[in-house]
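In: take this sequence and fold it.
(chains A and B)
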2 protein chains.
Amino acid sequence: MLSLKHLNIKSFNENLAYLNKNCLDYSIDDISALSQVEIQTENSKIYAFLQIVDDDSLVSPTQLALNDEAFANLGESEGTEVIVSLAATAPSRTALKRKIAGNILSPQDYKFIIKDIVNRRYSDIDIASFIVAGGTFISANEVLGLTDALVDNTKIDWPYEKLVVDHHCLGGIPGNKTDIIIAAIVGAYGIAIPKTVAKATTSCASVADTMGILCNINLSQDKFKELVTTNRAVVANYEPLEVVDAIKSISNVERHLGLTQQEFLLTEVLALKISAGVTHLLIDIPVGEKSRIKTIYEAIRLRKLAEFVGDRLGIDIEVVITDGSEPIGNGIGAILEARDIIQILKNKPNAPQDLLEKSLFLAGRLLEFDPKLHGGKGYDTAAEILRSGQALEKLNEIIRAQGKKEQPVLGGYTRDVLAPESGEVIAIDNQQINRIGIWSGVRQYLGAGIDLFKKVGDIVTAGEPLYRIYACSPEDLELAETVVEDSIAYTIKNNG
Amino acid sequence: MLSLKHLNIKSFNENLAYLNKNCLDYSIDDISALSQVEIQTENSKIYAFLQIVDDDSLVSPTQLALNDEAFANLGESEGTEVIVSLAATAPSRTALKRKIAGNILSPQDYKFIIKDIVNRRYSDIDIASFIVAGGTFISANEVLGLTDALVDNTKIDWPYEKLVVDHHCLGGIPGNKTDIIIAAIVGAYGIAIPKTVAKATTSCASVADTMGILCNINLSQDKFKELVTTNRAVVANYEPLEVVDAIKSISNVERHLGLTQQEFLLTEVLALKISAGVTHLLIDIPVGEKSRIKTIYEAIRLRKLAEFVGDRLGIDIEVVITDGSEPIGNGIGAILEARDIIQILKNKPNAPQDLLEKSLFLAGRLLEFDPKLHGGKGYDTAAEILRSGQALEKLNEIIRAQGKKEQPVLGGYTRDVLAPESGEVIAIDNQQINRIGIWSGVRQYLGAGIDLFKKVGDIVTAGEPLYRIYACSPEDLELAETVVEDSIAYTIKNNG
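Out: Predicted structure coming up:
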């Protein structure tokens, strides 16, 4: 029996338990391989990974301390009596080993694995081995099994909606912020669109980042449902679905590894959308030499896989394969992307035409899930909703409902990157633009970003600015400049 | 500039840095993917993974706290001024990603990966992904490259020795403690045998555990070298070779995952032996349906791989493939295995004959590395050294030199497992015996273990004890009994 203490330490994924080394009756050397403990109170039980402390002021031999995550999971107050014991092996460990050995797992195996992840029985090490083993070789039936396991028990039900639609881009294309425009158009039309958002993986800024500077994006499940019902459109996170937590654990490890394995990404997207009660999903797969998906062959493979899983899990999936050869829109980073979006919704003549066209195309396809609009009338309807200002009105409504925010300002440290010669822009390297953006601080600071002045097809003269980098400190600007020195990301062909 | 603090927290593998959340100028949500920091003082630089603290008494906003591992690595005293910044991507990360994607890496790639592991640039997550990706697919040239990368820069040189031999069993066979007997025989003959030991992976107790109850096994490199020179034989860990540290990081993760991937294990064994300056290595591969290596085909593949690497790294390797179909010796667990060894060295009539024979066979092969003994004279020489008491004398000399220890006692909680029917023992399941041993507490408590009364070929009558389980607490005994309920590990054929 030990007394519970809270150590305010955040370690992102794992439950950690801190024990004084004098309260252990076995040698410290033996713990690393057995380091999971089970912590029990009268009402609650959690699992945590052990850290040994040799300082009574941190944890005395009669105490058990838990980090933030574990303390919140246990849900007991400090001083509560807890029983601590070494945990038995997690039930799905043999399945994990079989996957590492190259076997095909059953749907039941995936249920057990996800249950263990939800219950924090997996360390980040275990999750990493699952991702790498699964990413290396996974069959279509396994993608189905894993997606099904990830669909939440508490998935949202929309008993009064015939159609619940959403769109997801499997992209990594910088500046590709169609989602917010789409939500405004589809919402204004009147179809329910509960748009769930997530953190950026490969690209610079995510929908969550861009929407997050316009308004609050963290809604309770009740509020989320209420706003979809009343406003038709929501662009937000929703918590606290159990499985969202499992997906977060997995994607945290993916981000740490810098890995985006297509099948895993697909299962995560589909599970989130199914858990949100989406009935009709449009997936956009941009293809380009410097995009995440590089070939049409790969895009078609993913399309078939998505359709295979969707058919069996009762969600209607349509996949469009689009041009991913250059950034979409002009702004990169939350503030500049929000600017592009507002320009489009306000029908400004200087709004980026490529982002406008792509948004209308995708919104049109979503609208055509409505039987009344079948046969290609979606695009015109979307264009009319935009032209009339209804889409702008809808976005303002969404922002007000979720809680409008003070707009942050752009970083004060800028650098214009100039055309080294005159000619036509024939290519822009998405990956390099993402890299410049990331090093300018775009993932840490809302004020960082890149504003593209020229796109593919534009004629430039030597010395003319191609784009401007914004950073929030001289150091970040310098880091971004170092990346620019490797490559400016633009290819210019001198036609003279 | 922050002031250094030491938090006495042990996390086994990773360098951890604790920062107060108020000393960060970016959002906590963004840290997980970027969580490695570089910590610099005037004289030293280390890398550590970030943990965020929200308690000024643990870490104030003007402090940086390090856990045990990181504090020791930095080697500075509390209060030292340190500069903390987000770390750039580890140099070998692109190589790691290429491995995960299924590519073949170059020797240079492996050098960079191991350098990053040594420098603590890899989190356990990264190491896990390396192990799983490499274990799934690795070419012979890559095994060579990885082994070479793991050979320490500070490897031991034995300028005055013609022959430096060692033996390693790639086994996982319970009770297979030939090593200590072999070291005593070979040392008594006069050939240098610097036997390095490691923790158990699949089997119950390791040579380190068994030797560790007889004497101290942690020697400085100087002491290690001195004792080999004066005594010919040493059975110990040696520290602090840099790469031993990398191997430890890798094998800690392997143990946590419960994985033993043959190629990785082989690189670790070869690199350790080459780093210890071994010129002639005998590898024993026991094959059995319930052993780690299950088929002759697999054993031959590993033999060829070991010879391929050995040839190119200048170590003479001989591989013997032996019977791994049942436990060797009677005792399992440090105390009972030590008992078997002493019985053999004392030429007691009740000493386990299988362990005796196998030890003489292997010691004989090692002795035959001496050109004077070529042609099969090794076995007889080994048997004579044993019979004459010289081997016992040598072991006592080794124990005295390394530092004799007080013998621990066997656990007080025992249970005899009885033969369910009369007949002949025709099989003993190694894996199940290991499982029973592990659950009886053999990896945590020196007093735990199993004493086998019957082996394959023995005739038993119903109700006769097959083996006795020793545990150090009623709970552990109960856990072991639960495993016995699944299977008693013995197959008895009724011939009546």
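
In: for residue A:64, name its beta-bridge partners.
Out: residue A:4, residue A:19 (DSSP bridges).

In: for it, give me the pLDDT.
Out: Residue A:64 is assigned 93 on the pLDDT scale.

In: and it, how far is that from chain B?
Out: Residue A:64 sits at a distance of 14 Å from chain B (criterion: Cβ to the nearest Cβ, to the nearest Å). (Each C-beta comes from the backbone N, C-alpha and C, glycine too.)

In: thinking residue A:327 is in contact with residue A:453, fair?
Out: No. In this structure, residue A:327 is not within contact of residue A:453 by Cβ atoms under 8 Å, at 12.0 Å.

In: of the two, who's got more company?
Out: Neighbours were counted for residue A:327 and for residue A:453 using other Cβ atoms under 10 Å in any protein chain shown; residue A:327 has more, 30 against 15.

In: ramachandran angles for that one?
Out: phi -60, psi 150 (degrees, to the nearest 10).

In: could you pull up the residues touching it?
Out: A:173, A:174, A:175, A:176, A:428, A:430, A:433, A:452, A:455 (Cβ atoms under 8 Å, 6 or more residues apart in numbering or on different chains).

In: buried only: go through the residues you listed for me.
Out: A:173, A:174, A:175, A:176, A:428, A:430, A:433, A:452, A:455 (16 or more other Cβ atoms under 10 Å in any protein chain shown).

In: show me those residues that map onto strands.
Out: Within those, residues falling in strands by DSSP state E are A:428, A:452.

In: now render the buried ones among the contacts of residue A:327 as CSV, adding pLDDT and distance to chain B.
Out: As requested, the buried ones among the contacts of residue A:327 are exported to CSV (pLDDT from 0 to 100; distance: Cβ to the nearest Cβ, whole Å):
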residue, pLDDT, distance to chain B
A:173, 76, 19
A:174, 75, 17
A:175, 71, 19
A:176, 72, 20
A:428, 93, 22
A:430, 88, 18
A:433, 92, 18
A:452, 96, 24
A:455, 94, 29
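
In: tell me which of the buried ones among the contacts of residue A:327 fall in helices.
Out: Secondary structure from DSSP state H places A:430, A:433 of the buried ones among the contacts of residue A:327 in helices.

In: quick one on the thing from earlier: closest to residue B:344 among the contacts of residue A:327?
Out: residue A:430 (68.6 Å; Cβ to Cβ).

In: setting aside sequence neighbours, what's the nearest residue to that closest one?
Out: residue A:290 (4.4 Å; Cβ to Cβ, 6 or more residues apart in numbering or on different chains).

In: interface residues of the stretch 51-200 of chain A facing chain B?
Out: Applying Cβ under 8 Å from any Cβ of the partner chain, we find that the stretch 51-200 of chain A lies next to chain B at A:51-55, A:58, A:68, A:89, A:93, A:96-97, A:100, A:102, A:123-129, A:131-133, A:135-137, A:199.

In: could you give me the PyMOL selection string for whichever of the residues you listed are buried?
Out: Buried members of those, defined by 16+ other Cβ under 10 Å, are picked up in PyMOL with:
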select buried, chain A and resi 51+52+53+58+68+93+96+100+123+124+125+126+127+128+129+131+132+133+135+136+199
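
In: residue A:453 contacts residue A:467, doesn't it?
Out: Yes. If you go by Cβ under 8 Å, residue A:453 and residue A:467 touch, sitting 5.8 Å apart.

In: residues contacting the residue nearest to residue A:430?
Out: A:325, A:429, A:430, A:431, A:432.

In: report the separation between it and chain B.
Out: Taken as Cβ to the nearest Cβ, the span from residue A:290 to chain B is 16 Å.

In: residue A:492 pairs with what?
Out: Residues in beta-bridge contact with residue A:492 (DSSP bridges): residue A:425.

In: how close does it sit to chain B?
Out: 28 Å.

In: what about that residue, how many residues nearby?
Out: Residue A:492 - counted by other Cβ under 10 Å - has 21 other residues nearby.

In: sorry, back to before: which among the contacts of residue A:290 gets closest to chain B?
Out: residue A:431 (12.7 Å; Cβ to the nearest Cβ).

In: so what's the nearest residue to residue A:107 once chain neighbours are set aside up against?
Out: Here the nearest residue to residue A:107 in space, its sequence neighbours aside, is residue A:145; by Cβ to Cβ, 6+ apart that works out to 3.7 Å. Counting by Cβ under 8 Å, 6+ apart, residue A:145 touches A:105, A:106, A:107, A:109, A:110, A:111.

In: of those, buried ones?
Out: A:105, A:109, A:110, A:111.

In: which parts of stretch A:83-99 are buried?
Out: So stretch A:83-99, judged by 16+ other Cβ under 10 Å, has buried residues A:84, A:87, A:90, A:92, A:93, A:95, A:96, A:98, A:99.

In: quickly note the distance from the fourth one to residue B:335.
Out: The span separating residue A:92 from residue B:335 equals 35 Å under the rule Cβ to Cβ, to the nearest Å.

In: specify the beta-bridge partners of residue A:236.
Out: According to DSSP bridges, beta-bridge pairing links residue A:236 with residue A:196.

In: what score does it have for pLDDT?
Out: Reported pLDDT for residue A:236: 90.

In: count of residues packed around it?
Out: 26.

In: run the chain-centre distance for the helix or strand bottoming out on mean pLDDT in chain A.
Out: Least confident element among the helices and strands of chain A, by mean pLDDT, DSSP states H and E: helix A:242-257 (a mean of 79). Here the centre of helix A:242-257 is set off from its chain's centre by 10 Å, with Cα atoms, centre = their mean, to the nearest Å.

In: over to stretch A:284-292?
Out: 17 Å.

In: same question, stretch A:434-448
Out: With Cα atoms, centre = their mean, you get 16 Å for stretch A:434-448.

In: for stretch A:120-137, same thing?
Out: Relative to where its chain is centred, stretch A:120-137 has its mean C-alpha point 19 Å off (Cα atoms, centre = their mean).
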